[in-house]
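Next comes the sequence, and after it the predicted model I'd like to discuss.
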Amino acid sequence: MLSFSNSTDAWWVFGGDDSKGQDKVKIGFLVKQPEESWFQDEWKYAQQAADELGFELIKIGASSGEEVLSAIDNLAAQGAQGFVICTPDVKLGPAIAAKAKLNDLKLISVDDRFVGSNGKLMEDVHHVGISAYNIGKLSGKTLAEQLKVRGWDLEKVGYLKMTYDQLPTIAERTYGATDVLLDSGFPEANVFETPMRTLDTEGSFDAANSAITKNSDIEHWLIAGGNDVSVIGAVRALEGQGFNATDVIGVGINGSNFAINEFEKDEATGFYATIKLSAKAHGYETATMMYNWITNGEEPPKVTWTSGTLMNRANYQELMN
Ligand code: FCA
């Protein structure tokens, strides 16, 4: 019993079972930076799970504590049974967990693990995250190998370590990269700690700009950061000061559209490679875990760690799907 409405270009279903709509499983998926392509990918894959399993996915961008807490109330009011969240601030963990409990909503954190009021990770909240230190090491290994290929005089090479230490998963990534680079013989004196005020391209651009200006004797640059935007901003800052692909090796993490855009440019940029993470595991699988938990009482593992793969101009097309 379907009728088509020309005016809205939509299909309307009549005579359906009303109670069905109410019984439908509803799952929220909250992300801290909806403008970042990583989170758009997570949503895309979560939606794929929703379409396959027949639940309703409620996507919410929440970039402050206030937004997160009111979104949780809102989900409860809409009759959702659970949500997956990448929080805008890991210290909101206790407040988010309390609000979820109060509203009888199941909770899985993704990407950024909650930190309790005692400063420790909240291990009782189910979590899916990346093996941050190991992924950072892969980024450092890539930098070290490419540095050898270039054969630069190490005295003239600066390393922009783009940091954002308030987020543990990001800190572990940059530490992993730096440890491998130093182990490979890179001089400690040429490591430039470059703290970003915000975890986005602008934050990276601003932080890198001041580091580059202060070190005008440097001729070649390496860049590592916790994610792609942390490296892309620095690549743009270096371009602005006359350094291009021949003198810059930047390695990001995420491997979503921001990185692909770099690889698709006709001319190579200083964004040499990225470590591609599995947005599918973080979107499709977290949403599926939540669905199985709600519908079959199947509790997900307390913690799941995912890995990454090196992606560059040579293999990105193959790895895209
Ligand atoms: C954090 C970062 C994202 C992504 C994710 C796996 O949330 O901010 O860019 O790397 O971890």
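Received it, and whenever you're ready, just let me know what you need.

OK, contacts around residue 126?
Residue 126 makes contact with 107, 108, 109, 289, 299, 300, 301, 302, 303, according to Cβ atoms under 8 Å, 6 or more residues apart in numbering. Placement of C-beta: from N, CA and C, glycine included.

I'd like the next helix or strand past the strand or helix carrying the second one.
Under the criterion DSSP states H and E, the helix or strand holding residue 108 is strand 106-110. Elements were assigned by DSSP H and E; along the chain past strand 106-110, the next helix or strand is strand 126-130.

what lines up beside that next one in the sheet?
Strand pairing for strand 126-130, determined by DSSP bridges: strand 106-110 (parallel), strand 303-306 (parallel).

between those strands, which one is nearest to residue 72?
Comparing those against residue 72 with Cβ to Cβ, the closest turns out to be strand 106-110 (9.1 Å).

re the thing from before, would you turn the strands paired with strand 126-130 into CSV with distance to residue 212, mean pLDDT and mean neighbour count?
Below are the strands paired with strand 126-130 laid out as CSV (distance: least, Cβ to Cβ, whole Å; pLDDT from 0 to 100; neighbours: other Cβ atoms under 10 Å):
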stretch, distance to residue 212, mean pLDDT, mean neighbour count
strand 106-110, 34, 98, 23
strand 303-306, 33, 98, 16
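
With distance to the ligand as extra columns, can I get the ones you listed in CSV?
As requested, the strands paired with strand 126-130 are exported to CSV (distance: least, Cβ to the nearest ligand atom, whole Å):
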stretch, distance to the ligand
strand 106-110, 8
strand 303-306, 9
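
Tabulate those strands (JSON lines), appending distance to residue 171.
Formatted as JSON lines, the strands paired with strand 126-130 follow (distance: least, Cβ to Cβ, whole Å):
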{"stretch": "strand 106-110", "distance to residue 171": "17"}
{"stretch": "strand 303-306", "distance to residue 171": "16"}
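
right, and out of the contacts of residue 126, which lies closest to residue 269?
Minimum distance to residue 269 across those is 33.6 Å, recorded for residue 109 (Cβ to Cβ).

Would you mind listing the residues in contact with the nearest residue to the closest one once chain neighbours are set aside?
Excluding its sequence neighbours, the residue lying closest to residue 109 (Cβ to Cβ, 6 or more residues apart in numbering) is residue 127, at 4.8 Å. By Cβ under 8 Å, 6+ apart, the residues touching residue 127 are 108, 109, 110, 113, 114, 302, 303, 304.

Leaving out chain neighbours, which residue sits closest to the residue of the stretch 1-150 of the chain found nearest the ligand?
Of all residues in the stretch 1-150 of the chain, residue 111 sits closest to the ligand, at 3.6 Å by Cβ to the nearest ligand atom. Distances taken as Cβ to Cβ, 6+ apart place residue 86 nearest to residue 111, at 4.3 Å, with adjacent residues excluded.

and that neighbour, how many neighbours does it have?
24 (other Cβ atoms under 10 Å).

tell me how far whichever strand or helix holds residue 30 is from the chain's mean position?
Assigned by DSSP H and E, residue 30 falls within strand 26-31. Distance of strand 26-31 from its chain centroid, counting by Cα atoms, centre = their mean, to the nearest Å, is 16 Å.

so the residue of the stretch 1-150 of the chain closest to the ligand touches residue 279, yeah?
No - in this structure, residue 111 is not within contact of residue 279 by Cβ atoms under 8 Å, at 10.2 Å.

Neighbour count for those two, which is higher?
A count of neighbours by other Cβ under 10 Å puts residue 111 above the other of residue 111 and residue 279, at 26 against 22.

Would you enumerate the residues in contact with the more buried one?
Residue 111 makes contacts with 86, 128, 129, 130, 169, 282, as judged by Cβ under 8 Å, 6+ apart.

and the ligand, which of the residues you listed contact it?
Near the ligand, judged by Cβ under 6 Å from any ligand atom, the entries from the contacts of residue 111 are 86, 130, 169.

buried stuff in the helix or strand hosting residue 235?
In this assignment (DSSP H and E), residue 235 forms part of helix 228-240. Using 16 or more other Cβ atoms under 10 Å as the test for burial, helix 228-240 gives 228, 229, 230, 231, 232, 233, 234, 235, 236, 237, 238.

Could you measure from the fifth one over to residue 203?
Separation of residue 232 from residue 203 (Cβ to Cβ, to the nearest Å) stands at 11 Å.

what's the answer for the second one, then?
Remark: distance between residue 229 and residue 203 (Cβ to Cβ) = 8 Å.
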